[in-house]
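Undergrad: the following comprises the amino acid sequence and a computationally predicted model.
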Amino acid sequence: MARPGSAPRPPRPVEPDLPDVLQDLDALTARTDLQAVRLTGLTGDVDAAHARIVEARIVTASVDRLDLTGAALVDVEVGEMRAVEVVAREGSWRDTVVSGGRIGSIDGLRAEWDGVVLRGLRIDYLSLASARVNDLHVVDCEIGTLDAPDARLTRVRFERTRVDEVDTRELRAVDVDLRGLDALSFTDPRGLRDATLDAHQVAQHAEALAAALGIRVR
């Protein structure tokens, strides 16, 4: 745990290690094992459940549903994705960057993320319920609802990001830096224990924080 007054530890830098030459593919299937590929033009409903995708780029995807349930992503770049729904339940993402695009929902229930960057995204609903997340950097994103009940977040930082509602019930936070997060509300401020906020955020949410501590404000 960081010492009082010290800055929270930042997420480690993430830069997917990609080879110079990638094989071009235009389809993903369940339980496939892909390495050193460039996936382009994915459309419609894509079933990639329990796939293993290593050292890959996914670009210009415009899908209704991308099923990554139980899938493993390692050293992956995803750029300018448009998706109604991304299902990433119980999957593992390591050294993965998702940048640009518009996604209706990302369902990361019980996911394991280790070194993930979300940059320049609009996401209506992001669920990390019961997820285990290490080294997550969220930059320049607009998120409608961020659900993180019973999640364990370690070395997480937000920068220039706006979220309407954050569900923090039973959240366990270590080195979570929320100073760059503009959040309208937190479902349960008690879940912010050990997170870092700035003075303006504390003042903005003072009434909710007081209620969580049992303080009556008259």
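TA: Cool, the structure landed.
Undergrad: convert stretch 37-50 to PDB, retaining C-alpha atoms only.
TA: Once side chains and other backbone atoms are set aside, the C-alpha atoms of stretch 37-50 remain, and they are given as PDB (Å, rounded to 0.1, in the frame of the first residue of the first chain):
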ATOM      1  CA  VAL A  37      -2.000 -11.800 -38.000                       C
ATOM      2  CA  ARG A  38      -3.800  -8.700 -39.100                       C
ATOM      3  CA  LEU A  39      -7.600  -9.100 -38.900                       C
ATOM      4  CA  THR A  40      -9.600  -6.700 -41.100                       C
ATOM      5  CA  GLY A  41     -13.100  -6.200 -42.100                       C
ATOM      6  CA  LEU A  42     -14.900  -8.200 -39.400                       C
ATOM      7  CA  THR A  43     -18.700  -7.700 -39.700                       C
ATOM      8  CA  GLY A  44     -21.900  -9.100 -38.300                       C
ATOM      9  CA  ASP A  45     -21.800 -11.600 -35.400                       C
ATOM     10  CA  VAL A  46     -18.300 -13.000 -34.800                       C
ATOM     11  CA  ASP A  47     -17.900 -16.000 -32.600                       C
ATOM     12  CA  ALA A  48     -14.300 -16.100 -31.300                       C
ATOM     13  CA  ALA A  49     -15.100 -17.700 -27.900                       C
ATOM     14  CA  HIS A  50     -12.100 -19.500 -26.300                       C
END
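Undergrad: in it, what's buried?
TA: Applying a neighbour-count criterion of 16 or more other Cβ atoms under 10 Å, one finds 37-39, 42, 46-50 buried in stretch 37-50. In this view, the C-beta of every residue, glycine as well, is placed from N, C-alpha and C.
Undergrad: where does this protein dip in pLDDT?
TA: Counting by pLDDT under 70, the ranges of the chain that qualify are 1-6.
Undergrad: that one: helices as residue ranges?
TA: Counting by DSSP state H, one finds helices in the chain at the ranges 199-204, 206-212.
Undergrad: mind listing what's buried along the longest one?
TA: When you say that, I think you mean helix 206-212. Counting neighbours by 16+ other Cβ under 10 Å, one finds that the buried residues in helix 206-212 are 209, 212.
Undergrad: so what's residue 75 closest to, chain neighbours aside?
TA: If you skip the residues right next to it in sequence, residue 75 has residue 16 as its closest partner in space, 4.2 Å away by Cβ to Cβ, 6 or more residues apart in numbering.
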